[in-house]
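> Predicted model, plus sequence, below.
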Amino acid sequence: MTHTPLESDDQDLLDHSRPEAFTAIAHEVSEVFTHMLGDGRSIIDPATTIWTAEAAEDLRARVADNPIAGNAQGQWAKFDLQLQGAPREVVLLAAELVFLREHAIRNLTPEKRRSHVDSVLAHIEPGTALPARMAEWLARPTGSAGAKVGQAYFGRMWRHIIWGSTFVRYWTSLDEPEREAARRDPWELQRVMLDSGEDEADFRNALQFLIRPDVFELITAPDMKQRVRNGLAARIGGGSGAAPDRVDRDLLGIRLALAREAKEPFNFWDPWVRGLWDPLSIAEDAEADPAAEPRERHYWLFAPGREASKWPEFSSEGIMAIGWDELGDLAEYSSREAVRHALDPEGNQGSMKNDVLAVWQFENEMEVGDIIYAKRGRRELIGRGEVISEARFEPERESYRNVRSVEWTHVGTWEHPGDAALKTLTDITKYSGYAEKLEVLFTEDEDVELRSVTTDPLPAYGKADFLKEVYLHEERYDRLRSLLARKKNVILAGPPGVGKTFAAKRLAQSIMGVKDPSRIRVVQFHQSYSYEDFMMGYRPNEDAGFTLTEGPFYEFCEVARADDTDRPYFFIIDEINRGNISKIFGELLMLIEADKRGHDLRLLYKNERFSVPPNLHIIGMMNTADRGLAVLDYALRRRFGFFEMRPSFESEGFRRWQRGLGSSSLDALVETLVALNRVIADDPALGQGFAIGHSFLTGPAAGEMLGDWLVSVVEDELIPLLDEYWFDELTRAEEWAEKLRIAVA
């Protein structure tokens, strides 16, 4: 197809702004659209013309005019019946439409994509050979690129087929000048799509992107497109309307505006962009957005029906499923509260916490690659498996209609160590050592090591990424990285709101070169934290006795030791100065020294010699404004390098973010805080360690919510902090409180 640049001066910038992995999935299938909008030939069988009015009407009529009522069969089984006896060109048309509707999706396994195409092609020749390039497209790994869609998209296959057929029929009715205009002009092509018949916006949005990735965004849900546009509309002087073409034109303008600032490829779910249109997605020092942070494999206990009554069915069919069928398709619920209300509309059954949690986690939190342990009662395990599909709704099932596919690797009976939870579904990942004990039951190797996998390929992360997200000057980053390499242990010390925890995680990722959560462990010290919590100690067990339990530091050292010595690991300790350091570290105080790595000592609770591996680094965070904390142990000071984290209102990264919001109220507030920090630094009772950090203002807000958000920051966070700082100088606290209020008025 011929692609005409939208704006010659900006097209290169726009093209560079789109992630290559996303545009690649569109470019690779451009030949399909050359045929669809041109000569009409099939890519599967080039000798057959399929993109014709006759084939399209035949296919449309088979689905739209011959609906199969009832829930006895799912949409794919119904489609199989509707294709019975179809001519070759109609079957090929159906196969290529099925392929296209799933090519833009990232949360579907290659096996499932291939099986859908094969099931259609079986109506002409079972085992029909696909062109090598198409087989390669179908084999694209789950999660590598594309839009993440929900059951609302998956469950509308039959509607997508009807719309696709209707569009093809309408396209062929146009005269050649009209078709040529649409091939050249993306907005004319969109107009033709909208004029072709009753719109199926999610499939149309997917096709628009695949045909013209230089213009359209890969966002399938129309309401989400509007939400993104509305959140960023201020960057183009406001939105131009709710019609699909107006939303898409606005998004193109927004991408150009962001591209001029970013200078790097991005999508609208990158944390720094999403924070601009979705202010609740990122909070100060919070975990990064799940779309950006790789997720470790989770481990789940699962009850397959009451007293495992569904186990024979689930284990033989390779599935797991949950009840609560009165809820229908779980993908339709946008929050836990919506689930709770549906289960108990009268609100007279309490919180229903366990039921709500099981339903929500099954649909939204469990992921492909997670491990499932099937149980019967509290003392018996009956299977182990790996989740291999997203959740789906199968209305044709008699019961337990919300389903996931599972590869059951073990079926039998094993004694559960202790009493298992009675809940239908329990995420046991967070319980230290629990999953390891269960894994041992299913392997002959007593030293089994759990694979810490992620559901998506690990994103690369380096120095440039760090400097973009963490407001630190380049020379200070280089110094911090050098300090950690030399000392093996550093403490990030600073006042509240300078992003210490966020910076610690991003520093670790920049040194690793990837966002690998399996090589980072985080704990938080407190006044009651002990050696037994940190390293190992005796814990009560169910037999009224005590069991020697290994703590997170011991476990993580063993994980790091088992890996290559050139692969760094990072143990992060939040609030490190809240704990009794000598009590917590014990003999480890010597072993963590850089020049003592590899040296061993006999452990206090175990007849074993132990050392801290050289590839393990410790990063601690210390709040310098907490009056209730004692001065750090001098022994700890000698073993750690100390790096001061300062407010970065004047850094280039913060200024870039500030300019992007374009808010005079924010500008005034920043100016006031810079002046306030100078006063705090000069106060003998406070000092630089009590300055107010930039993170108070980097929970991004956008659009009409910006003013309310700024007022809340001032009234609910900054003024109470000043009241605490100057509790004995109320006049000064009130003076600066008024200045802050004026700034955001």
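Now that the structure is in, tell me what you want to look at. Residues are numbered from 1 along each chain as shown.

> Just list the residues touching the closest residue to L138 other than its chain neighbours, thanks.
Nearest residue to L138, sequence neighbours excluded (Cβ to Cβ, 6 or more residues apart in numbering): R114, at 4.7 Å. Glycine gets a C-beta too; all of them are placed from N, C-alpha and C. By Cβ atoms under 8 Å, 6 or more residues apart in numbering, the contact list for R114 reads A135, L138, A139.

> and if you look at P345?
Going by Cβ under 8 Å, 6+ apart, P345 touches no other residue.

> now swap in A145 and tell me
Residues near A145 by Cβ under 8 Å, 6+ apart: P19, A21, F22, A24, I25, R106.

> Please apply the same query to V406.
V406 is in contact with F314, G318, I319, M320, I372, G385, E386, V387, I388, counting by Cβ under 8 Å, 6+ apart.

> Just confirm it is within a helix.
No - using DSSP: H, G, I helix; E, B strand; the rest coil, the assignment for V406 is strand, not a helix.

> thinking again about what came up before, by neighbour count, which of the contacts of R114 wins?
In terms of neighbours by other Cβ atoms under 10 Å, the contacts of R114 top out with L138 at 20 neighbours.

> pretty sure that one contacts S115?
No - here L138 does not reach S115: they are 9.6 Å apart, not a contact under Cβ atoms under 8 Å.

> residue boundaries of the strands in the stretch 401-550 of the chain?
Assignment of strands within the stretch 401-550 of the chain using DSSP state E, counting those that start in this stretch yields the ranges 402-415, 425-427, 489-494, 520-524, 536-540, 546-550.

> what bits of the stretch 351-500 of the chain have low per-residue confidence?
The stretch 351-500 of the chain contains residues with pLDDT under 70 at 351, 432, 443-457.

> now the stretch 551-700 of the chain
The model of the stretch 551-700 of the chain has pLDDT under 70 over residues 625-636, 660-661, 698-700.

> Now do the helices in it.
With DSSP state H, counting those that start in this stretch, the ranges of helices along the stretch 551-700 of the chain come out as 552-562, 581-585, 588-591, 634-639, 652-661, 664-682.

> S173: which of these is closest?
helix 652-661 (46.2 Å; Cβ to Cβ).

> Give me the helices and strands touching that closest one, please.
For helix 652-661, the elements it packs on are helix 271-277, helix 463-469, helix 664-682, judged by 3 or more Cβ pairs under 8 Å, 6 or more residues apart in numbering; DSSP states H and E.

> In CSV, list the C-alpha atoms belonging to the last one.
Coordinates of each C-alpha in helix 664-682 appear next as CSV, following Å, rounded to 0.1, in the frame of the first residue of the first chain:
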residue,chain,number,x,y,z
SER,A,664,1.0,28.0,36.6
SER,A,665,-0.2,26.7,40.0
LEU,A,666,2.3,24.0,40.0
ASP,A,667,5.0,26.4,38.9
ALA,A,668,4.2,28.7,41.8
LEU,A,669,4.1,25.8,44.3
VAL,A,670,7.5,24.6,43.2
GLU,A,671,9.0,28.1,43.5
THR,A,672,7.5,28.3,47.0
LEU,A,673,8.9,24.9,48.0
VAL,A,674,12.4,25.8,46.8
ALA,A,675,12.3,29.0,49.0
LEU,A,676,10.9,27.0,51.9
ASN,A,677,13.7,24.4,51.7
ARG,A,678,16.3,27.2,52.0
VAL,A,679,14.6,28.3,55.2
ILE,A,680,14.5,24.7,56.5
ALA,A,681,18.2,24.2,55.7
ASP,A,682,19.1,27.4,57.6
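
> how big is the angle separating that helix from helix 652-661?
150 degrees (axes from the mean of the first three to the mean of the last three Cα atoms, to 10 degrees).

> so whatever helix or strand comes next after helix 664-682 versus helix 664-682, what angle?
Sequence-wise, the next helix or strand downstream of helix 664-682 (DSSP states H and E) is helix 705-713. Angle, helix 705-713 to helix 664-682, by the same axes, to 10 degrees: 20 degrees.

> Just the CA atoms of helix 705-713, as PDB, please.
Extracted as PDB, the C-alpha positions of helix 705-713 are listed here (Å, rounded to 0.1, in the frame of the first residue of the first chain):
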ATOM      1  CA  MET A 705      -8.000  17.000  38.400                       C
ATOM      2  CA  LEU A 706      -4.800  18.900  38.600                       C
ATOM      3  CA  GLY A 707      -6.000  21.800  40.800                       C
ATOM      4  CA  ASP A 708      -7.800  19.500  43.300                       C
ATOM      5  CA  TRP A 709      -4.700  17.300  43.500                       C
ATOM      6  CA  LEU A 710      -2.400  20.300  44.200                       C
ATOM      7  CA  VAL A 711      -4.700  21.600  47.000                       C
ATOM      8  CA  SER A 712      -4.700  18.100  48.500                       C
ATOM      9  CA  VAL A 713      -0.900  17.900  48.500                       C
END
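
> Please, a ChimeraX command that selects the buried ones among the contacts of A145?
Here is the ChimeraX command that picks out the buried ones among these, judged by 16 or more other Cβ atoms under 10 Å:
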select :22,25,106
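
> Strands - which of the contacts of V406 land there?
Of the contacts of V406, the ones assigned to strands by DSSP state E are I319, M320, I372, G385, E386, V387.

> and H599, what does it touch?
Counting by Cβ under 8 Å, 6+ apart, H599 makes contact with M590, L591, S611.

> which among those end up buried?
L591.

> which one among the contacts of H599 gets closest to P568?
Of all these, P568 sits closest to S611, with 16.6 Å by Cβ to Cβ.

> these two touch, right, the closest one and L603?
No - look at S611 against L603 with Cβ under 8 Å: they stay out of range, at 10.5 Å.

> how far away is the closest residue to M320 other than its chain neighbours from N354?
Once flanking residues are discounted, M320 sits nearest to V406: 4.9 Å by Cβ to Cβ, 6+ apart. Distance, V406 to N354, by Cβ to Cβ, to the nearest Å: 22 Å.
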